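Participant: requesting a structural model of the entry that follows:
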Amino acid sequence: MTVAAVYAHPVTDDEFTALFPVTRDIDLMVMLGVTKSVVRRRAERLGLSKDPAHVSHVKSEAHRGDKHYAWKGPERQEEREHLRITPEYKEWRRAVLERDAYTCAWCGYEGTTHTMHAHHIKAWAEYVELRTVISNGVALCRNCHADYHGLTIRRRERIPCRCGCETIIDTIDKWGYRRQYVKGHQHKGKRFTDEHRAALSVARRNSPRGPLSDEHKAKVGAANRGKKRTPEYCAAHSERKKGWQPSDETRARMSATHLAMGKKEWTNDAMTKEEFIALYPTMTNVELARRCHFSSSAISWWAHRLNLPGKPRGCPPRVAP
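Facilitator: This is a model prediction of the structure:
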């Protein structure tokens, strides 16, 4: 039969386009009354291909049940499916895996109850009396179990944990996500380098949130209040302070503070004593020091000299002056 005769067949190209991806070639041959080569040429002319889901379904059906080369009959299959879900078999599997510490006897892979198999040393079908005997079982991983039985499976790549513990793990977890660490090892043994700290500092300065707010700074100060500095921190702080010289503004503020603390009466051009007494409970020492051009120690000294009540613990409420 010529190609022209096929094209003149009652099945139009649109109908053939809809049928070909989800229909077996042998069914199309019977439907059209042509050979397989003619069906294939027409599909090639229209640029068609089989649906992957349909191909997978056809392949699985071709080797399922009594079509499989190792088919032992419906009775054996029903018996196997029933015995695999009995409490005795589940207890045997758990005992074998726990005895071997969930470690493959062939490759040494350490898995979980989801990734390890309990293999019968003496065959399940031939030694019925040994099916639930713990000494007849051994723990094997998925790949080694498939190799033993000569099965072809999609193998999962394995890598050592990136934290350095040398634990071998699958690159794909049981949910299908990629993994590089054992659960909980993501931050194990990590140390910040100077380059990492510098990059993190630049990222924080350029963050869309901007600098820390006064409320955030107050919370950080309240959290750190009362913490003791370690000797190592004090030594490092002293090393950083070596060679430090105050700026001219700091020198002027220190001089004004010393003069104010040495005098008996309040003398400040930026704020009167009455304003200081009114604002002291509602402002922090740092804010008052900026208003008065004093240091924080001078603010505390004058508050003690004027017998002002102590401030509550934490940041006081902000009130506009």
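Participant: only C-alpha atoms for contact and neighbour calcs from this point on.
Facilitator: Will do.
Participant: contacts only, for the closest residue to residue 168 other than its chain neighbours.
Facilitator: Take residue 168 and drop its neighbours on the chain: the residue closest to it by CA to CA, 6 or more residues apart in numbering is residue 160, 4.4 Å away. Going by CA atoms under 8 Å, 6 or more residues apart in numbering, residue 160 touches 166, 167, 168, 169, 180.
Participant: any idea which of the residues you listed is least confident?
Facilitator: The member of the contacts of residue 160 with the lowest pLDDT is residue 166, at 77.
Participant: quick check, pLDDT for the closest residue to that one other than its chain neighbours.
Facilitator: The spatial neighbour of residue 166 that comes closest, neighbours along the chain excluded (CA to CA, 6+ apart), is residue 160 at 5.1 Å. You'll see residue 160 listed with a pLDDT of 84.
Participant: run the chain-centre distance for the helix or strand hosting residue 275.
Facilitator: Counting by DSSP states H and E, the element that carries residue 275 is helix 273-279. From the chain centre to the centre of helix 273-279 is a distance of 55 Å (CA atoms, centre = their mean, to the nearest Å).
Participant: where does pLDDT dip in the stretch 51-200 of the chain?
Facilitator: 61-65, 68-81, 152, 154-155, 174, 187-192 (pLDDT under 70).
Participant: where does the nearest residue to residue 280 once chain neighbours are set aside land in three-state SS?
Facilitator: Of all residues not flanking residue 280 in the chain, residue 288 sits nearest, at 7.4 Å (CA to CA, 6+ apart). At residue 288 the chain is in helix, as set by DSSP: H, G, I helix; E, B strand; the rest coil.
Participant: about what we covered before: now the helix holding residue 275: mean pLDDT?
Facilitator: Averaging pLDDT along helix 273-279 gives 82.
Participant: what residues of that helix count as buried?
Facilitator: When burial is assessed from 16 or more other CA atoms under 10 Å, helix 273-279 yields the following buried residues: 276, 277, 279.
Participant: residue 299 versus the last one, what's the distance?
Facilitator: The span separating residue 279 from residue 299 equals 12 Å under the rule CA to CA, to the nearest Å.
Participant: hang on, the earlier thing: with distance to residue 82 as extra columns, can I get the buried residues of helix 273-279 in TSV?
Facilitator: Output for those, formatted as TSV (distance: CA to CA, whole Å):
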residue	distance to residue 82
276	87
277	87
279	83
